[in-house]
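# when you get a sec, could you give me coordinates for this:
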Amino acid sequence: SILSEVVKNRPDEGDRAKPLCYGDIVLLSCSFGQNKIAYLSEDGCVVKDDDESLKVSSRDITFEVCTAQDSRTLNEITDLLRKRNSSEKGSDDGFDSAQLERLKKSRQIEVRANEAYSKQMKGKPLTYGDFIQLKHTKRQSFLGIDVSVAPHFDSDAKRIYLTSEAGACVRFKIVPRFNCLCEGNTVCFGDNICLMSADHPKEYLHLSSGNRTEDIGLVHEVDLSRDRSTVWSVECFYSYDASSELTVKTGDVVRLFHSAGHGYLAAYSDGRSTTAHFERCDAEAPMSSTMWVVEDETVTSGGALRPARGFALLHLVTQTFLVITPDGIPPKRDRQGSP
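Just a heads-up that it's a prediction; the model follows:
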């Protein structure tokens, strides 16, 4: 259609929208209820009320947009081994070992091809109809499907979880929510999209019911469902084209060395309180007690570190923030105090 041709090359010169690219670090959110936003995380969807801040780290709610991995050979290997295991007493009689060896060699080629394609596509814009996978930046694992366990709130849906198993990762097709966009149009930040499974057509990433937790508040379960009502919004946390090993950005894990004290800033917890101190250790063998996560004042704000704006340091292990407090008063997990 004419409208489709107009938006196909979006964003145009007068459009402030920015295209979504492979390699971008993003936030995926959906709105529901009254002034409530849920952000996709490792635990499901954490809910932010209009008057409350998120009780999670930025690393908990950020994902990298990756190319969809080809795992057809891996699936063939899995099917072949499953047939052998299901045979009487797991006997190898009639089992084609030569075929298995051929498939293993083909899988090595498949893995190299996936890696080459991923590297080639980094920084290139996505279009509707493209297939992607979502990798959690903290866990370095992908969204996957567990068909062996039903979700708590919808027995007809499929459970979504984080996995490092290539065969269990979900390949999502990016589908526009509204008819003004179609396959071939550029996907931009702020678009309303649906994420449909490539291996389970007409089943979508779906926000289900939730429970309140003590640590991070209300958390909704996420599943794969035929219910298409969940509309996701993609927000840029850190773009691939701005990435650099020389730039410290929100969500990075850093170590702080004190030249006069000849030690790294560390934290120790005795179960009741957490204290900061300087610890001497080998620079080549860093200890987890000396690792800190750089956080913006707003959890959902990403990009390069802006010291003039202010930032916080979250201890990687104890999950407590570095703050200045009066003597005898232990620091809290939140950002109260002086960063």
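# ranges for the helices of this structure?
Listed in chain order, the helices of the chain (DSSP state H) span 2-8, 72-86, 97-121.
# per-stretch mean pLDDT over these, give me the minimum one.
Of all those, helix 2-8 carries the lowest average pLDDT, namely a mean of 49.
# now stretch 136-154: buried residues?
Counting neighbours by 16 or more other Cβ atoms under 10 Å, one finds that the buried residues in stretch 136-154 are H136, T137, K138, S141, F142, L143, G144, I145, P151, D154. Using the backbone N, CA and C atoms, a C-beta is placed for each residue, glycine as well.
# chain center to that stretch: distance?
Relative to the chain's own centre, stretch 136-154 is displaced by 12 Å; criterion: Cα atoms, centre = their mean, to the nearest Å.
# got CSV for the helices of the chain, with mean neighbour count and distance to A166 too?
Listed next are these as CSV, based on neighbours: other Cβ atoms under 10 Å; distance: least, Cβ to Cβ, whole Å:
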stretch, mean neighbour count, distance to A166
helix 2-8, 12, 33
helix 72-86, 13, 6
helix 97-121, 13, 8
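# tell me which of those sits nearest to S197.
S197 lies closest, by Cβ to Cβ, to one member of the helices of the chain: helix 72-86, at 14.9 Å.
# quick one: residues in contact with stretch 189-204.
If you take Cβ atoms under 8 Å, 6 or more residues apart in numbering as the criterion, stretch 189-204 is touched by 17-20, 26, 68, 128, 131, 145, 158, 170-178, 181, 187, 205, 224-228, 230-236.
# mind running it again at 6 Å?
The contact list for stretch 189-204 (Cβ atoms under 6 Å, 6 or more residues apart in numbering) reads 18, 20, 131, 170-175, 177, 205, 224, 226, 228, 231-232, 234, 236.
# likewise for stretch 102-121?
Stretch 102-121 has contacts (Cβ under 6 Å, 6+ apart) with Y22, T67, Q69, D70, T73, L74, E76, I77.
# also stretch 295-315?
Stretch 295-315 has contacts (Cβ under 6 Å, 6+ apart) with 27, 54, 57-58, 237-238, 247-250, 267, 292-294, 321-322, 335, 339.
# let's see it at 7 Å
25, 27, 53-54, 56-58, 237-238, 247-251, 267, 292-294, 321-322, 335, 339 (Cβ atoms under 7 Å, 6 or more residues apart in numbering).
# ditto for stretch 246-266
58-59, 62, 137, 238, 276-281, 286, 289-296, 301-305, 316.
# in that stretch, what counts as buried?
The neighbour-count check on stretch 246-266 (16+ other Cβ under 10 Å) flags K249, T250, G251, D252, G263, Y264, L265, A266 as buried.
# and which of the residues you listed is nearest G210?
G251 (24.7 Å).
# now that closest one: how far from K202?
Noted for G251: a distance of 35 Å to K202, by Cβ to Cβ, to the nearest Å.
# end to end, how far does stretch 268-280 reach?
One end of stretch 268-280 sits 14 Å from the other (Cα to Cα, to the nearest Å).
# list the buried residues for that stretch?
Across stretch 268-280, burial judged by 16+ other Cβ under 10 Å covers T274, A276, E279.
# hang on, the earlier thing: show me the buried residues of stretch 246-266 that map onto strands.
G263, Y264, L265, A266 (DSSP state E).
# in the stretch 151-300 of the chain, which spans are strands?
Ranges of strands within the stretch 151-300 of the chain are 158-163, 172-176, 192-197, 204-213, 217-225, 232-238, 253-254, 257-258, 263-269, 274-279, 292-296, based on DSSP state E, counting those that start in this stretch.
# need the ones you listed in JSON lines with distance to S41 and mean pLDDT, can you?
JSON lines is the format used below for the strands of the stretch 151-300 of the chain (distance: least, Cβ to Cβ, whole Å; pLDDT from 0 to 100):
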{"stretch": "strand 158-163", "distance to S41": "10", "mean pLDDT": "94"}
{"stretch": "strand 172-176", "distance to S41": "17", "mean pLDDT": "96"}
{"stretch": "strand 192-197", "distance to S41": "15", "mean pLDDT": "96"}
{"stretch": "strand 204-213", "distance to S41": "12", "mean pLDDT": "90"}
{"stretch": "strand 217-225", "distance to S41": "8", "mean pLDDT": "91"}
{"stretch": "strand 232-238", "distance to S41": "13", "mean pLDDT": "94"}
{"stretch": "strand 253-254", "distance to S41": "18", "mean pLDDT": "90"}
{"stretch": "strand 257-258", "distance to S41": "32", "mean pLDDT": "88"}
{"stretch": "strand 263-269", "distance to S41": "24", "mean pLDDT": "88"}
{"stretch": "strand 274-279", "distance to S41": "23", "mean pLDDT": "85"}
{"stretch": "strand 292-296", "distance to S41": "15", "mean pLDDT": "89"}
